[in-house]
Each structure stands twice: as C-alpha cells, then as structure tokens.
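Trainee: Here's a sequence, model it:
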Amino acid sequence: MSPGERCLSWGLALLLSALCVAREPRPVRLFTEDELARYNGQEADQPIYMAVKGVVFDVTSGKEFYGKDAPYNALTGKDSTRGVAKMSLDPADLTHDTAGLTQDELKSLDDIFNNVYKAKYPIVGYTSRRILNEDGSPNRNFRPEDQPHFSIKEEF
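Mentor: Numbers count the residues shown, from 1 in each chain. This is a model prediction of the structure:
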C-alpha cells in the first residue's frame, strides 16, 4: 500500500468512525424549569434547548430560527407545548399547559412534535414535570418504555 493509499484509508476510517459516534444516542437527562432556562439561546457557547410535550430537544442546529434574536427564540429554554400547538409566540402561550386546546390544535401539536421536532432534532432529556408531579411525587402515568429515546442511565 502506497503512502497516499494509507492516508486515504486512514482518513476514510476516521470519517466512518466519526459518523458512527455521531449516530450514537446521547444520554438523556431530567431538566427542571430553571435548568432548561439556561439553554435559551442567549449564550453563544451554550446549546439551545426547548421542550415540547415534556421532551427536551437540542435545536442548536436550527440556530437561525432559535438563536439569540431569531424569530422563534421565544420558544427556547422552556416547555413551549401550548405555543407550538397554537403556533403562537404570545408569552401567555409559552407553557406546558394544554388545557383548553381545540382538537385541531392538539392534532397540530402531535403533527409538529412527530414530523418536525422528533424527526429533526436530537432528544437530550425530559422536563421534570413529565416524570414528577408538582409536589415532587412520581407521576404514576409516566412509563419509560413509552418515551421516545428514553433509556435510564446512571445520571438519574
């Protein structure tokens, strides 16, 4: 094998290795509201996270939409389920609360959740509200096996 072929072979091996590593799912974590708020796109060196339906997505790759001064930055650093369902950036709608949403808004929420966020952005965790009740007791309706990309890791 010539030096050029060795270089090409080595470079190809590195590229394939990087692609394999990039596809491995990252461990998920549990975010409180305060922790999630730290990832609101205001700091250039921080990832940008937002939650929909209690699932926290890394939307950093969409920085032009979610970064500082970007059109959808208001959705970041929080669970913006209601805002996504209503396609609203009204601060009153930037909440996890889905009470009172119409059937059309709930369908829109599911469509956007599945066809945009789950399809495009990596899941990095869940809001603590999804797993715990307001008083800190376990949410009995939470089933890890029903969660997208959920796997219990030592971080919990």
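Trainee: can you pull out the strands in this structure?
Mentor: Secondary structure of the chain (DSSP state E): strands at 29-31, 49-52, 55-58, 123-127.
Trainee: quick one: which of these is nearest residue 87?
Mentor: With CB to CB, the closest approach to residue 87 among the strands of the chain belongs to strand 49-52: 12.5 Å. Heads up, the C-betas are built off the backbone N, CA and C, glycines and all.
Trainee: Just checking the distance from that closest one to the centre of its chain.
Mentor: Chain-centre distance of strand 49-52: 5 Å, with CA atoms, centre = their mean, to the nearest Å.
Trainee: ok so, going back, just the strands of the chain: most buried one?
Mentor: strand 49-52 (a mean of 27; mean count of other CB atoms under 10 Å).
Trainee: pLDDT of that strand, averaged?
Mentor: Mean pLDDT, strand 49-52: 97.
Trainee: Could you export the strands of the chain to JSON lines, including columns for distance to residue 93?
Mentor: Below are the strands of the chain laid out as JSON lines (distance: least, CB to CB, whole Å):
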{"stretch": "strand 29-31", "distance to residue 93": "20"}
{"stretch": "strand 49-52", "distance to residue 93": "13"}
{"stretch": "strand 55-58", "distance to residue 93": "18"}
{"stretch": "strand 123-127", "distance to residue 93": "17"}
